[in-house]
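Undergrad: Quick one, what's the 3D model for this:
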Amino acid sequence: MFIEKRRSGKNTKYYLVHSYRDKQNKVKKIRKFLGSNLSKTQLEKLQQRAEVLILERIKESRVEVFEFSLSEKEIEKLNKLSKEIKIVHLDKEAWKLFTEDFVYNTNAIEGSTVLRDEIPKILEKKRVTDPEEIETKGVAKAIGFIRTIKQEFSLSFMKKLHLLCFAGSKDFAGKFRDVEVAVVDREGNVIHSGIPVKEMNEALEELVEWYKENKQKFTPIVLAGIIHNQFENIHPFADGNGRVGRLLLNYILLRHKYPPINILLEDRATYYKVLQDFERRHKVKPIVDFLIKQYQKTLKQVTTQKKKS
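TA: Numbering: from 1, shown residues only. Just a heads-up that it's a prediction; the model follows:
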């Protein structure tokens with residue numbers, strides 16, 4: 001076991017890391033969060049306790065979820081939440097309405113000034129030059145891409161989504177960042193710092209490997225929520241992480257035969273809160289509850305618009 005340090009803004013986070021082989025002889029890694037800005041005495045005391053907890057986890061066959069773990073009972077409770085989902089697959093007209101709604105909301109969450117009723121006209125244009133209109137058409141292309149693509153979840157797939165969204169509006173479209181990034185609020189306070197560049201590729205590869213190993217253990221909506229949250233924690237692009245993350249969320253759902261979800265602009269504050277609940281408190285239930293409510297709103301919105309048209 002060894003101590004790993006990570007810089008997060010002005011803070012230093014400490015983790016105890018342990019690698020071991022499971023019953024299938026696969027190398028597994030457990031990373032236990034110890035705390036931030038710890039003194040030597042605090043670190044030694046927390047390390048001793050964490051070593052015991054890590055060994056207990058291995059004995060209990062708990063599922064590791066990046067910086068924390070879930071017992072079989074906890075996974076069962078999370079999976080039961082999906083019973084509230086009414087599986088309704090979208091027809092051609094509903095997909096058109098969903099795409100327009102998704103494009104509007106996902107861009108507006110990030111500050112786009114394009115209005116909802118402007119979306120159809122922009123999507124019909126053969127050529128656009130305004131950056132916001134380019135990104136409107138780009139996100140729509142990405143929705144079409146995840147609907148039909150058979151490509152496996154991978155780093156190259158993430159970069160492809162980013163390229164589709166931002167080719168023509170950002171010169172780093174389709175490229176992972178080589179700078180440190182942070183999300184700040186209106187007062188300039190750091191809400192979230194992306195993983196340091198030197199650790200980023202390893203974290204992304206760990207995310208892909210975790211998905212492959214655990215995709216059968218969770219219902220699609222729980223799985224998608226965990227992948228989305230961890231992707232946002234890593235923050236692999238200089239900009240556009242929110243939009244690509246919400247596309248990845250729907251890619252996971254669609255691959256596992258679930259309908260897509262549109263996260264609404266009006267619920268942005270709650271959305272940010274559940275992301276922070278995952279990052280800071282290792283809570284999965286809030287994001288699952290939130291996604292279920294967003295799906296119910298999505299379905300209602302699309303069917304209501306169909307009736308009007």
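
Undergrad: okay, CA-based contacts and neighbour counts for the rest of this
TA: OK.

Undergrad: what residue of this protein is the furthest out?
TA: Distance to the chain centre peaks in the chain at T41, reaching 35.4 Å (criterion: C-alpha atoms, centre = their mean).

Undergrad: Now do the contacts for the most centrally placed residue in the chain.
TA: For the chain, H228 is the residue whose C-alpha lies nearest the centre (C-alpha atoms, centre = their mean; 1.5 Å). With contact taken as C-alpha atoms under 8 Å, 6 or more residues apart in numbering, H228 is in contact with G245, R246, L248, L249.

Undergrad: what's the domain layout of the protein?
TA: 2-61, 82-308 (automatic domain parsing).

Undergrad: and those domains, which is most packed in?
TA: Highest mean neighbour count among the domains of the chain (mean count of other C-alpha atoms under 10 Å): domain 82-308, with a mean of 17.

Undergrad: average pLDDT for that domain?
TA: Mean pLDDT, computed over domain 82-308, is 93.

Undergrad: Tell me the gap between it and the middle of its chain.
TA: The chain centroid and the centroid of domain 82-308 are separated by 7 Å under C-alpha atoms, centre = their mean, to the nearest Å.

Undergrad: what's in contact with stretch 88-107?
TA: Stretch 88-107 is contacted by residues 114-116, 119-120, 135-136, 139-140, 143, 242-243, 246, 258-259, 262-265, 298, 302-303, 305-306 when judged by C-alpha under 8 Å, 6+ apart.

Undergrad: Sort out for me which of the residues you listed are in strands.
TA: Nothing among these maps onto strands, per DSSP state E.

Undergrad: picking that back up, can you tell which of the domains of the chain is closest to I75?
TA: Within the domains of the chain, the stretch nearest I75 is domain 82-308; the backing value is 7.1 Å (C-alpha to C-alpha).

Undergrad: hang on, the earlier thing: what strand or helix carries the residue nearest to the centre of the chain?
TA: Per DSSP states H and E, H228 falls inside helix 220-234.

Undergrad: And T99, by the same measure?
TA: Counting by DSSP H and E, T99 is found in helix 92-109.

Undergrad: how far off helix 220-234 does the longest helix along the chain point, in degrees?
TA: Taking DSSP state H as the criterion, the chain has its longest helix at helix 285-308. On the basis of axes from the mean of the first three to the mean of the last three C-alpha atoms, to 10 degrees, helix 285-308 is oriented at 110 degrees to helix 220-234.

Undergrad: Mind giving me the packing neighbours of helix 285-308?
TA: Contacts defined by 3 or more C-alpha pairs under 8 Å, 6 or more residues apart in numbering; DSSP states H and E place helix 285-308 against helix 92-109, helix 220-234, helix 268-281.

Undergrad: Dihedrals phi and psi, K125?
TA: phi -70, psi 140 (degrees, to the nearest 10).

Undergrad: can you check the one 4 residues further on too?
TA: With angles defined as degrees, to the nearest 10, T129 shows backbone torsions of phi -120, psi -20.

Undergrad: who's in contact with it?
TA: Counting by C-alpha under 8 Å, 6+ apart, there are no residues that T129 touches.

Undergrad: measure it to F98 for me?
TA: To F98, T129 is 24 Å away according to C-alpha to C-alpha, to the nearest Å.

Undergrad: Check Y251 too.
TA: 14 Å.

Undergrad: same question, I3
TA: Distance from I3 to F98, by C-alpha to C-alpha: 46 Å.

Undergrad: again, but for T106
TA: For T106, the distance to F98 - C-alpha to C-alpha - is 12 Å.

Undergrad: same check, this time on L46
TA: 48 Å.

Undergrad: ok, now L163?
TA: 21 Å.

Undergrad: cool, and I119?
TA: 12 Å.

Undergrad: Check E205 too.
TA: Where F98 is concerned, E205 sits at a distance of 31 Å (C-alpha to C-alpha).

Undergrad: do I234 as well
TA: Counting by C-alpha to C-alpha, the gap between I234 and F98 amounts to 28 Å.

Undergrad: and the end-to-end length of stretch 62-80?
TA: Start-to-end, stretch 62-80 (C-alpha to C-alpha) is 18 Å.

Undergrad: again, but for stretch 215-226
TA: Note: stretch 215-226 ends 11 Å apart using C-alpha to C-alpha.

Undergrad: Using the three-state scheme, assign the closest residue to F153 other than its chain neighbours.
TA: Closest residue in space to F153, ignoring its immediate chain neighbours: V208 at 6.6 Å, by C-alpha to C-alpha, 6 or more residues apart in numbering. Counting by DSSP: H, G, I helix; E, B strand; the rest coil, the backbone at V208 sits in helix.
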